[in-house]
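In: when you get a sec, could you give me coordinates for this:
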Amino acid sequence: MRAIVLDRYGPPERVMRLAELADPVPGAGEVVVRIAAVSLNSWDVDLATGATLVRLEAPLRPKRRVIGSDVSGTVVAVGGGVTRHRVGDAVFGELSAAGWGGFAERVVARDEAFVARPTGLDDLTAAALPQAASMAWQALGGADAVVPNGSLHGRRVLIVGAGGGVGTFAIQLAKRGGAHVTAVERAMWKLDALAELGADVVVSGVGDGTEPRHAFDLVLDVVGALPPSQSGEMLAEGGRAVYIGGSPRRIAQVLVASARAGRRSEADAEAARHVGLLAAVPNRDLPGIAALAAAGELRALIDGPHPLDQVPQQLARLQSGAVLGKSVIEVG
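Out: Next up is the predicted model:
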């Protein structure tokens, strides 16, 4: 099979290449999926370049030769004991907790790493959903928050770094839940698209001190742009700031702020402003997310599709901020 392999850490277009590898064989509890499409995530960039947190686990060379996590395709082989899927099933899912391997024509992973792809959901859209849409869904508060008249109804939500995959899904899900959404994206060329997705306010900057204090019930920082102290100042009483990404320094700041908040007395808990990191659970919410997408209620902004041999170049584009929504590779 064809695959994009990672030889060493560095710029993706220099350290990744197309190669021929042996087809994978399923072991007990595993399935082999013929990949139709795979999407790119910032985690892929981190794995290729050897970001600080990546090097804590593998300091000298990449731990995984084939990366890529968000795939859609068809089951072509099953190992012993597999009960969830059969040969011929249309599936999709996130493989970050199941060995990665998505930048290839085939991948082998645990049976439970995949969920059924519903009729009406095409491979390109399905590949765009797993990580980004799940993070948006969970950061907003889950199923109870994103249903009409749910817990987000009438709430004020700020999404920082709204032009990528997580942000574009978060806008739609928050609006579905009845929230008033302010979308922040420094790439001004993306702002019109964010307004078309339903954002009530779109701006190219935040954090200059001009924002009203205590204005938002939820601050969702996709890129770690705001210091925790500043996001906390922007929260209304009882509000939450949820960080999804950011530099190691920013993540450390958020962890410290979260620990301090956790020491508040129970009497103050209801009124307290909470700042913390999202601990996303892969694939858990994909059936509900997929149902919305198949029904046309959740849209993926797809950059591409691009061919498999373009993975290194498209990762470089993603790293530079040149992608609106999700960059998707059409494998076969």
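In: next, name the residue at the spatial heart of this protein.
Out: Ranked by distance to the mean C-alpha position of the chain (Cα atoms, centre = their mean), the top residue is residue 132 at 2.4 Å.
In: and that one, that's in a helix?
Out: Yes - judged by DSSP: H, G, I helix; E, B strand; the rest coil, residue 132 forms part of a helix.
In: for it, list the residues it contacts.
Out: 39, 41, 70, 164-166, 168-169, 326 (Cβ atoms under 8 Å, 6 or more residues apart in numbering). For glycine as for every other residue, the C-beta is placed from the backbone atoms N, C-alpha and C.
In: ok, for it, nearest residue in space, not its chain neighbours?
Out: Excluding its sequence neighbours, the residue lying closest to residue 132 (Cβ to Cβ, 6 or more residues apart in numbering) is residue 165, at 3.1 Å.
In: thinking again about what came up before, looking at the contacts of residue 132, which are in strands?
Out: Of the contacts of residue 132, the ones assigned to strands by DSSP state E are 39, 70, 326.
In: could you export those residues as a markdown table, including distance to residue 196?
Out: Formatted as a markdown table, those follow (distance: Cβ to Cβ, whole Å):
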| residue | distance to residue 196 |
| --- | --- |
| 39 | 21 |
| 70 | 24 |
| 326 | 16 |
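In: go through the residues you listed and give me the one with the most neighbours.
Out: residue 39 (33 neighbours; other Cβ atoms under 10 Å).
In: sorry, back to before: neighbours of the residue nearest to residue 132, how many?
Out: For residue 165, using other Cβ under 10 Å, the count is 32.
In: separation between it and residue 61?
Out: Going from residue 165 to residue 61 by Cβ to Cβ, to the nearest Å gives 28 Å.
In: same deal with residue 25?
Out: In terms of Cβ to Cβ, residue 25 sits 25 Å off from residue 61.
In: and the helix-or-strand element of the chain with minimal mean pLDDT, what's buried?
Out: Here the helix or strand of the chain ranked lowest by mean pLDDT, DSSP states H and E is helix 248-262, holding a mean of 85. Buried residues in helix 248-262, defined by neighbour count with 16 or more other Cβ atoms under 10 Å: 250-251, 253-254, 257-258, 261.
In: need the residues that contact that helix.
Out: With Cβ under 8 Å, 6+ apart as the criterion, helix 248-262 contacts 52-53, 224, 227-229, 232, 243, 246, 272-277.
In: which of the residues you listed are buried?
Out: Of the contacts of helix 248-262, these count as buried by 16+ other Cβ under 10 Å: 224, 227-228, 232, 243, 246, 272-277.
In: least confident of those?
Out: Within the buried ones among the contacts of helix 248-262, the minimum per-residue pLDDT falls on residue 272 (74).
In: in the stretch 201-332 of the chain, which spans are strands?
Out: Using DSSP state E, counting those that start in this stretch, the strands of the stretch 201-332 of the chain run over residues 201-203, 216-221, 235-243, 274-277, 302-307, 326-330.
In: for residue 123, find the nearest of these.
Out: strand 326-330 (7.9 Å; Cβ to Cβ).
In: what's the closest one packed up against?
Out: strand 30-39, helix 123-128, strand 302-307, helix 311-320 (3 or more Cβ pairs under 8 Å, 6 or more residues apart in numbering; DSSP states H and E).
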